[in-house]
Each structure stands twice: as C-alpha cells, then as structure tokens.
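*Asks:* Sequence below, structure please.
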Amino acid sequence: MLDSTFSALADPTRRAILARLALGEATVGEIGEPFPISAPAISRHLKVLEDAALIARTRRGQQLVCRLNPAGLKTAQEWLDHYRAFWSGAFDRLDAHLKSNPEGSKP
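*Replies:* Now for the predicted structure:
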C-alpha cells in the first residue's frame, strides 16, 4: 500500500487533484476543468488515486463524485513520522556532540 501511495503522489497532476479535493468533493468534470488534458487522462489519474486509497468515488445519478479519503494517507504519514523522529534524534545528538566537543570539530 505504501508503494502505491507514494507512486500516486509522485505525479504533479495527481497532487493537484488532491489539493482540489481538499477543498471539498467534486465531480469528475469539475476536477478536470483546470487541466489541459483529456477526460480519459483525468479518469486514469483518478483511478490511480482510488487504487492507492487516497480518494473515494461514488455515483450520484449520472455524475461520478470524488472526495478525499484521509485514511489513505495514514500509512504514508506513519512512515514519514518514523523517519522524521529518527532524523530529528540524529541531528539532536550531532548538535549535542558538537556543543560538548567544540575543539574536536575544528580542523
């Protein structure tokens, strides 16, 4: 799931679609309006986002409505949080080491 999430987020068009959906749900047509690409291309982007569980699509009459699925980012956020904590701790230890040994850090 993590691979499909990051793969989906790697594309700037898909990130822009997610930013649009952060404002609220929208029809496929509304999502596609600002993009200079075909409706089938938008549908393919939406399919990738749906497969990555980043959005949900539902049918309302003849319209297909999309909305964000915040739970879809949970796995990615947990992965990022783990490495943020790791690197933050590493930098804190490096900072403490440099402050406790200022002469050792000079050439």
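
*Asks:* now the strands: where do they sit in the protein?
*Replies:* Secondary structure of the chain (DSSP state E): strands at 26-27, 55-60, 63-68.

*Asks:* Please point out which parts of the helix or strand of the chain with the lowest mean pLDDT sit buried.
*Replies:* Of all helical and strand segments in the chain, the minimum by mean pLDDT, DSSP states H and E falls on helix 74-100, at a mean of 82. Buried residues in helix 74-100, defined by neighbour count with 16 or more other CB atoms under 10 Å: 75-76. Backbone N, C-alpha and C define where each C-beta goes, glycine included.

*Asks:* Can you give me the domain assignment for the chain?
*Replies:* 2-69, 74-105 (automatic domain parsing).

*Asks:* Pass me the low-pLDDT residue ranges in this structure, would you?
*Replies:* For the chain, the stretches flagged by pLDDT under 70 are 104-107.

*Asks:* Next, format the strands of the chain as CSV and append mean neighbour count.
*Replies:* Output for those, formatted as CSV (neighbours: other CB atoms under 10 Å):
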stretch, mean neighbour count
strand 26-27, 16
strand 55-60, 14
strand 63-68, 16
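
*Asks:* Thanks a lot, see you next time.
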